[in-house]
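> Next come a sequence and a model predicted from it.
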Amino acid sequence: MGSLATAPFEVLDDTRPEDTSLPAFMVSTTRGFLPRMDPPVKLPKEFDALESILQRMPVKTLEGEPGLLAQSKLGPEVDSSFPDLTEAMDKYKDDLPLMNALYRDYSFLASAYLLEPCHERFVRGEGYGLGRQVLPKNISHPIARCAEICGFKPFMEYAGSYALFNYRLENPAAGLEYSNLRLIRAFEHGLDPTSSEAGFVLVHIDMVKNSGPLVAGTMKCLDVASKMDASSRSSTLGTPAERAEFNEGLASILEALRKINGVMETMWGKSRPTEYTSFRTFIFGITSQSMFPNGVVYEGLNDGKPMSFRGESGANDSMVPLMDNLLQVPMPDTPLTEILKDFRSYRPSNHKAFLLWVKERSQELDLRNFALGLHATSAEASQEQLDLLRESRSLWLQVLDQVRDFRWRHWCFAREYILKRTSHPTATGGSPIVTWLPNQLEAVLEDMATIHARAHREDARGLGKTAEAVMEAALRQRETLRKEVDKYCAERGVQRG
């Protein structure tokens, strides 16, 4: 294994929810990638004007009445009477969770303002057309200020705004049970917890609720490998005790991913495919979108030059990228992978740092080679070690299969919620809608096939019934995916590469 150059990373066990001096998002073994605390709901009185316009903004308000977006009145109100509250932020700049809440709220207002004309056309059955090309200073200045303090870009992001920092508990004592979750902000009907907009966001929160054990299992695997690296061991397989502990870490990861995928499957019933495109308009970004061909001018910023940012996307979640980095999944050298890399910057700073740390640490410890026994020989190993290695390989393959399952379902969502219902060529984050998700899914399927083939060459027993069933299904799916992508590429005149 490699050197120990990478400094330790602080993963929280106690999330210190009352400490307002810490960023809202810090990775923990308990809450995983959720914020350290439940997001602030009530804003200070200085921001009453912001609270008022956001409560009146959705197509359907909490009271069930038509809101500003239903009447195309948001833009005119922002332009005529909404105040610039930037200076009021200085009083609260050291309260980082509150600043994150303000970032959330201003990003909702910014997206609604910019995309309101597109929604109006969509409702009439027309194309999106152009959004507003200038963000006025009463939004551009405050969103830039709170985004700078919190470490976000001045546009809506998945974790810091739209999804993971956008829930409240109906009953604080009931915790994060799905039925107890409500949205704080919404564009369309999302303040109704039974709506498809609410379901779309709340299922993501319900998934990420299970990410604590994913983080804990990751840290355990790296910790075991680190201890071995520091020892003067003679076997690249490790001792039986070390290997068994490593397998426990993989098993924890596997169990967490199964729960996450199980929750993900509930999306079909909680956010109906026929209703997604009606609120999707408001979560588009600027980059690579026809609504903003030259970017957006943030009034008073960047010397008046247009800026571009990607839209919010579930692809910016940190759970699957964590697995990519831990498992060292090889990604193809394609422009689509470059988009994947660009998405990395649209995450909370602590999440970005953690994912990079895991990637570097896994490589330094040569974790993949250790887990799969790629540098080991059977001559140096006892039967117990070989049996434990076989278990490691099977668990590793099963974890990869859960990553495959996640990405396959994401592709199915894209197919059923988007491809069958709109011809718009780009996803909300600005990636090509047909080819981007398959780029990563095919990489996982290829990695699984490579590992499976090598394991069979080195151990005539194979990897057991569970792993063999996994591979049989994965290989069938690879062929299905290729046919589906070819079909949609042909229909839309898209290059597959």
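Now that the structure is in, tell me what you want to look at.

> Show me how far the lengthiest helix in the chain is from its chain's centre.
Determined from DSSP state H, the single longest helix within the chain is helix 383-413. Computed by CA atoms, centre = their mean, to the nearest Å, the chain-centroid distance of helix 383-413 equals 21 Å.

> residues making contact with the very next helix or strand once past it?
Scanning forward in sequence from helix 383-413 by DSSP states H and E, the next helix or strand is helix 436-458. With contact meaning CB atoms under 8 Å, 6 or more residues apart in numbering, helix 436-458 is reached by 327, 329-332, 334, 336-337, 339-340, 372-374, 378, 390, 393, 396-397, 400-401, 403-404, 407-408, 410-411, 414, 427, 462-463, 467, 470-471, 474-475, 477-478, 481, 485. For the C-beta atoms, the positions are set from N, CA and C on the backbone; glycine is no exception.

> Between helix 383-413 and helix 436-458, find me the angle.
Relative orientation of helix 436-458 with respect to helix 383-413: 160 degrees, computed using axes from the mean of the first three to the mean of the last three CA atoms, to 10 degrees.

> Stretch 404-420: which residues count as buried?
Using 16 or more other CB atoms under 10 Å as the test for burial, stretch 404-420 gives 404-408, 410-411, 413-415, 417-419.

> In the chain, mark out all the strands, start to finish.
Here the chain has its strands, by DSSP state E, at 134-135, 167-169, 181-183, 297-298.

> Indicate each strand paired with the first one and its parallel or antiparallel sense.
It stands for strand 134-135. strand 297-298 (parallel) (DSSP bridges).

> Could you pull up the mean pLDDT of the strand it pairs with?
The predicted model gives strand 297-298 an average pLDDT of 99.

> so how far is that strand from its chain's centroid?
27 Å.

> contacts for that strand?
With contact meaning CB under 8 Å, 6+ apart, strand 297-298 is reached by 133, 134, 135, 140, 144, 154, 304, 305, 306, 307.

> which one of the residues you listed is nearest residue 365?
Residue 365 lies nearest to residue 154 out of the contacts of strand 297-298, by CB to CB, at 37.5 Å.

> Count the neighbours of the closest one for me.
Burial measure for residue 154: 25 neighbouring residues, criterion other CB atoms under 10 Å.

> That one and residue 142 touch, don't they?
No - the criterion here is CB atoms under 8 Å, and residue 154 misses it with residue 142 at 9.4 Å.

> Can you give me every residue that contacts the residue most central in space within the chain?
For the chain, residue 317 is the residue whose C-alpha lies nearest the centre (CA atoms, centre = their mean; 1.1 Å). By CB under 8 Å, 6+ apart, residue 317 lies in contact with 33, 158, 159, 204, 207, 208.

> Pull up the gap between the last one and residue 339, please.
Using CB to CB, to the nearest Å, one gets 22 Å for the distance from residue 208 to residue 339.

> Between the two, tell me which one has more neighbours.
It is residue 208, of residue 208 and residue 339, that has more neighbours when counted by other CB under 10 Å, with 24 against 20.

> Distance of the more buried one relative to residue 158?
10 Å.

> Overlap in contacts, these two.
164, 317.

> residues near residue 13, how many?
9.

> shouldn't it be in contact with residue 28?
Yes - under the criterion of CB under 8 Å, residue 13 makes contact with residue 28 at 6.7 Å.

> Residue 250 touches residue 213, doesn't it?
No - Residue 250 lies out of contact with residue 213 (CB under 8 Å); the separation is 12.0 Å.

> which of those two has more neighbours?
The residue with more neighbours, out of residue 250 and residue 213, is residue 250; 23 against 19, by other CB under 10 Å.

> so what's the nearest residue to residue 60 once chain neighbours are set aside up against?
Counting by CB to CB, 6 or more residues apart in numbering, residue 60 lies nearest to residue 189, which is 4.8 Å off, once chain neighbours are set aside. Listed by CB under 8 Å, 6+ apart, the contact set of residue 189 reads 58, 59, 60, 195, 196, 197, 198, 279.

> 10 Å - rerun?
Applying CB atoms under 10 Å, 6 or more residues apart in numbering, we find residue 189 in contact with 58, 59, 60, 61, 64, 195, 196, 197, 198, 275, 278, 279.

> which regions of the stretch 151-300 of the chain lie under the pLDDT threshold?
Within the stretch 151-300 of the chain, the stretches with pLDDT under 70 are 229-235.

> switch the cut-off to 80
Along the stretch 151-300 of the chain, segments meeting pLDDT under 80 span 228-236.

> End to end on stretch 449-465, go ahead and measure it.
Stretch 449-465 stretches 16 Å from its first residue to its last (CA to CA, to the nearest Å).

> Could you tell me which residues within it count as buried?
For stretch 449-465, a neighbour-count test (16+ other CB under 10 Å) marks 451, 452, 455, 458, 459, 463 as buried.

> From residue 372, how far off is the fourth one?
Applying CB to CB, the value for residue 458 to residue 372 is 9 Å.

> Number of residues surrounding the spatially closest residue to residue 192 that is not a sequence neighbour?
Nearest residue to residue 192, sequence neighbours excluded (CB to CB, 6+ apart): residue 198, at 6.3 Å. By the measure other CB under 10 Å, the count of residues near residue 198 is 23.

> ok, now which ones touch residue 198?
Residue 198 makes contact with 167, 181-183, 186, 188-192, 270-271, 279, according to CB under 10 Å, 6+ apart.

> which of the residues you listed has the most neighbours?
Ranking those using other CB under 10 Å puts residue 186 first, with 27 neighbours.

> hang on, that one packs against residue 168?
No - with contact defined as CB atoms under 10 Å, residue 186 does not count as touching residue 168 (11.9 Å).

> Measure how far stretch 449-468 is from the centre of its chain, please.
In terms of CA atoms, centre = their mean, the centre of stretch 449-468 is found 31 Å from the chain centre.

> All good on my end, thank you.
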